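S.K.: kindly generate the corresponding structure for this input.
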Amino acid sequence: MANDIVLDYTSQAYKQGSATMYWYLCDLIGVAHNVIGKNTKTAKKKLFDLLVLSLQTTQHQETLKSYILTPSYHEGPILGKGVMAEIWGDMKHTQLPLWIRPAPHNWGTTERGKLSANQWHVLCMIHLPITLIQLWENETGRKKDLLENFMHLVTAVQIANMRVSSRNQIQAYNKHIFLYAQGIKSLYPYNNLKPTLHVSLHIGNILELFGPVHSHSAPFYECYINFFHGIKTNGKLGELESTLLLVSACSANLWAILMDDEETCHTVLEMVNSIKSIDQEKIRGFRFASQLDPNAAGYIMSPNVIPLILEEEAYNILHQVISHAHPNQILGWSGPTHCVAGTCSSVPLYHMYHVLLQLIT
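M.R.: Modelled structure (predicted):
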């Protein structure tokens, strides 16, 4: 009867597993499987038989058990109330340099809520090492592994934020961040890996290509990322990059033109205000073109609309550019002068840039 039960469990394990899973388990317990091709039709059966045969030895059984979490590991957070109390107590007695902004003393509570990136940096680089090393330096088992894994992360972050860089530092960073990533898989197998961990594995390459982080990690880049978020794209890789490059180049050229020519800057400001006022009009129904056509019967311009008077040359250039890019776009005619009275709020930035470029050259 007992043998039948064992065979039944073995059969279920074989059906529910895959060749990749058995390949990974063989790696964990240190069983050589190079002679078995992973992608062959018989790979699953051969790897499973090899795994079952290897687990008959006590050494391989103990090795596999070390990677299996007991239910107690799932209960409660890693930093319990006792550890948090020790951390808060040490924070009160820790004197920081004036140039370091202290983290909140009640972090980790519902009253405090979320922390900023800088506050997490101060906690992980200063306060947590001070307390955890005192509490867990003589521990064995999981707590010791947790401390060692965390210190690999602390060391990697410290190296990555240095204001000087060398090949030895890059090698040290790669060593510690890879050890941290390997520890994550065994210590927290029930948690999904985050994309930020994948990104951190490439920082060594970035340091080698561009030097210390402070030279290419600045608030300016955060502002520019916000600029990219405002660009409308189709989200397709391969086209997305060229769109961002084109719009950012046009934006930079447009800013240069506006900064150098006060008269042009004033004209553009009037144009932008007029377009914004048109865009804010409340229009019901589906016949937008007829509603916005100033020559149509019954057309009434909103009192909030700011008329934009263009000279004939500027109007003709704008009309030519928009007509070429948007054949259905409408530009209105108003009396002896020219004004924008159509649906111009959808005119792309680079079209406006070409208009200004032709006007001043």
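S.K.: what sits against residue 185?
M.R.: Contacts of residue 185 were listed using CB atoms under 8 Å, 6 or more residues apart in numbering, and they are residue 193. All C-beta atoms are positioned from the backbone trio N, CA, C, and that covers glycine.
S.K.: need the pLDDT of it.
M.R.: Note on residue 185: pLDDT of 81.
S.K.: same question for residue 267.
M.R.: Here, the pLDDT recorded for residue 267 equals 84.
S.K.: which residues does it contact?
M.R.: Counted by CB under 8 Å, 6+ apart, residue 267 has contacts residue 314.
S.K.: how far away is it from residue 276?
M.R.: Look at residue 267 and residue 276: by CB to CB, to the nearest Å, they are 15 Å apart.
S.K.: next one: residue 243
M.R.: For residue 243, the distance to residue 276 - CB to CB - is 24 Å.
S.K.: which pLDDT value goes with residue 130?
M.R.: With respect to pLDDT, residue 130 scores 91.
S.K.: ok, now which ones touch residue 191?
M.R.: residue 184.
S.K.: can you pull out the strands in the protein?
M.R.: Applying DSSP state E to the chain gives strands spanning 309-310, 333-334, 337-339.
S.K.: what's the burial count for residue 194?
M.R.: Neighbour count for residue 194, taken as other CB atoms under 10 Å: 10.
S.K.: do residue 54 as well
M.R.: Neighbours of residue 54 using other CB under 10 Å come to 20.
S.K.: nearest spatial neighbour of residue 104, skipping sequence neighbours?
M.R.: If the residues on either side of it in the chain are set aside, residue 104 comes closest to residue 112, at 5.3 Å by CB to CB, 6 or more residues apart in numbering.
S.K.: ok, now how distant is that neighbour from residue 45?
M.R.: Separation of residue 112 from residue 45 (CB to CB) stands at 55 Å.
S.K.: for residue 62, same thing?
M.R.: From residue 62 across to residue 45, the span is 26 Å (CB to CB).
S.K.: and the two? Which one has more around it.
M.R.: When residue 62 and residue 45 are compared for neighbours, residue 45 comes out ahead with 14 against 10, by other CB under 10 Å.
S.K.: who's in contact with the more buried one?
M.R.: Residues near residue 45 by CB under 8 Å, 6+ apart: residue 14.
S.K.: could you list the domains of this structure?
M.R.: Using automatic domain parsing, the domain ranges for the chain come out as 2-68, 78-213, 261-360.
S.K.: which of the ones you listed sits closest to residue 222?
M.R.: In terms of CB to CB, the element of the domains of the chain nearest to residue 222 is domain 78-213, at 10.7 Å.
S.K.: shouldn't residue 148 be in contact with residue 182?
M.R.: No - counting by CB atoms under 8 Å, residue 148 does not reach residue 182; the two are 11.4 Å apart.
S.K.: tell me the spacing between residue 241 and residue 172.
M.R.: For residue 241 relative to residue 172 (CB to CB), the value is 33 Å.
S.K.: just want to know which of the two has more residues nearby.
M.R.: residue 172 (16 against 11).
S.K.: show the pLDDT at the residue nearest to the more buried one when sequence neighbours are not counted.
M.R.: Once flanking residues are discounted, residue 172 sits nearest to residue 159: 5.7 Å by CB to CB, 6+ apart. Listed pLDDT for residue 159 reads 93.
S.K.: with residue 222 instead?
M.R.: On the pLDDT scale, residue 222 is placed at 71.
S.K.: show me where the stretch 201-350 of the chain has its helices.
M.R.: Assigned by DSSP state H, counting those that start in this stretch, the helices in the stretch 201-350 of the chain fall at 203-210, 219-229, 240-260, 262-279, 288-292, 312-325, 349-360.
S.K.: okay if I get those as JSON lines plus distance to residue 23?
M.R.: JSON lines is the format used below for the helices of the stretch 201-350 of the chain (distance: least, CB to CB, whole Å):
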{"stretch": "helix 203-210", "distance to residue 23": "27"}
{"stretch": "helix 219-229", "distance to residue 23": "40"}
{"stretch": "helix 240-260", "distance to residue 23": "36"}
{"stretch": "helix 262-279", "distance to residue 23": "58"}
{"stretch": "helix 288-292", "distance to residue 23": "60"}
{"stretch": "helix 312-325", "distance to residue 23": "55"}
{"stretch": "helix 349-360", "distance to residue 23": "52"}
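S.K.: indicate which one of the ones you listed is closest to residue 32.
M.R.: helix 203-210 (30.1 Å).
S.K.: report the buried residues of the closest one.
M.R.: 203, 204, 207 (16 or more other CB atoms under 10 Å).
S.K.: who are the contact partners of the second one?
M.R.: Meaning residue 204. 170, 171, 173, 174, 177.
S.K.: what about the closest residue to the last one other than its chain neighbours, how many residues nearby?
M.R.: In space, and not counting its chain neighbours, residue 177 is closest to residue 156: 4.3 Å by CB to CB, 6+ apart. As a burial measure, residue 156 scores 23 neighbours (other CB under 10 Å).
S.K.: which of the contacts of residue 204 are buried, as a ChimeraX select command?
M.R.: Of the contacts of residue 204, the buried ones can be selected in ChimeraX as follows, counting by 16+ other CB under 10 Å:
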select :170,173,174,177
